[in-house]
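Asker: With the input below, show me the fold.
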Amino acid sequence: MNFEALIEYISSTSLIWLILTIASFQLGIIVYEQFNKHTLLQPIIISSAIVMSALLITGFAYEEYYKHVKIIHFFLGPATVALALPLFNNLKHVKTLFIPIMITLIVGGVASVLIAVGLLWILDANIPTILSMTTKSITAPIAIITSEQIGAIPSLAVSFVIITGIIGALFGTSIFKIINVKHDISKGFALGLISHGIGTGRAVEISEKAAAFSALAMGLSGIFTAILLPIIISIL
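Answerer: Residues are numbered from 1 along each chain as shown. Reported below is the predicted structural model:
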């Protein structure tokens, strides 16, 4: 069998990449559950490792891969909307904590971006890279659109989004233990604000209340970033 011809066929077939992506995530779920949901074995980490290995082996560009699996990104929207159910069930808590929620959203969101951008600036990163980092804590679909509007690199922006989500999912619960965060509301909101969808997936495992506030933080952060960031960048 001609190995190069096989690689070329796999690389050029959309269905292959779609199946690989879904199957690798399912494998990640199986491994995660088999090892008692170990923090370092998050499904997103395992699936990302498999997909990235396939891309490296085939020499396939990420931009082309994204085009082949774009339908998955399309369904991120409905999946995010579905998180409104636990949010609705905890609406009374949202109303009670409206002012703390808004303060945390503004302070936490701005601080997160400034710290990340500041580190890249110190490391002498170029402007497109720094701009790509500003969307790191919002969901991938919003990050792609926003990064295009501000002159960032969409593929790099998505990479920062994934890395941020994985780090949050990996170390979030450990940090909560270290600083003695006990309330599910606080845990969920922090995970959603910093680690968007991946963090929200982790919050779902904590409790419905954590999932609700994580979804709220993710949604509000995405909306405010998409609206305000292009305006701020244009002014600067």
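
Asker: And for residue 198, nearest residue in space, chain neighbours not counted?
Answerer: In space, and not counting its chain neighbours, residue 198 is closest to residue 165: 2.9 Å by C-beta to C-beta, 6 or more residues apart in numbering. C-beta coordinates here come from the backbone N, C-alpha and C atoms, glycine included.

Asker: thought that neighbour was touching residue 44?
Answerer: Yes - counting by C-beta atoms under 8 Å, residue 165 does reach residue 44; the two are 6.9 Å apart.

Asker: Can you check which residues contact both of these two?
Answerer: By the contact definition C-beta atoms under 8 Å, 6 or more residues apart in numbering, residue 165 and residue 44 are jointly contacted by residue 198.

Asker: Looking at the two, which one has more neighbours?
Answerer: For residue 165 versus residue 44, neighbours defined as other C-beta atoms under 10 Å are more numerous around residue 165 (26 against 20).

Asker: Residue 233 versus the more buried one, what's the distance?
Answerer: Computed as C-beta to C-beta, to the nearest Å, the residue 165 to residue 233 distance reads 23 Å.

Asker: again with residue 125
Answerer: Residue 125 is 16 Å from residue 233, where distance means C-beta to C-beta.

Asker: do residue 197 as well
Answerer: Distance, residue 197 to residue 233, by C-beta to C-beta: 24 Å.

Asker: Same drill for these two, tell me which one is more crowded.
Answerer: Set residue 197 next to residue 233 and count neighbours by other C-beta under 10 Å: residue 197 wins out with 25 against 15.

Asker: which SS class is residue 125?
Answerer: Under the three-state scheme (DSSP: H, G, I helix; E, B strand; the rest coil), residue 125 adopts coil.

Asker: tell me the contacts of it?
Answerer: Residues in contact with residue 125 (C-beta under 8 Å, 6+ apart): none are found.

Asker: now do residue 161
Answerer: Residue 161 makes contact with 135, 136, 137, 138, 139, 140, 143, 196 under the criterion C-beta under 8 Å, 6+ apart.

Asker: repeat that for 6 Å
Answerer: By C-beta atoms under 6 Å, 6 or more residues apart in numbering, the residues touching residue 161 are 136, 140, 143.

Asker: nearest to residue 21, of these?
Answerer: Lowest distance from residue 21 to the contacts of residue 161 (C-beta to C-beta) belongs to residue 140, with 13.3 Å.

Asker: Could you measure from the closest one over to residue 160?
Answerer: For residue 140 relative to residue 160 (C-beta to C-beta), the value is 10 Å.

Asker: And for residue 90?
Answerer: Applying C-beta to C-beta, the value for residue 90 to residue 160 is 30 Å.

Asker: So which bits of the helix or strand in which the residue nearest to residue 198 is found are buried?
Answerer: Assessed by DSSP states H and E, residue 165 sits inside helix 154-178. For helix 154-178, the neighbour count (16 or more other C-beta atoms under 10 Å) marks 154, 156-162, 164-166, 168-170, 172-173, 176 as buried.

Asker: Check stretch 19-26 too.
Answerer: Neighbour-count burial for stretch 19-26 flags 20, 21, 24, 25 (criterion: 16+ other C-beta under 10 Å).
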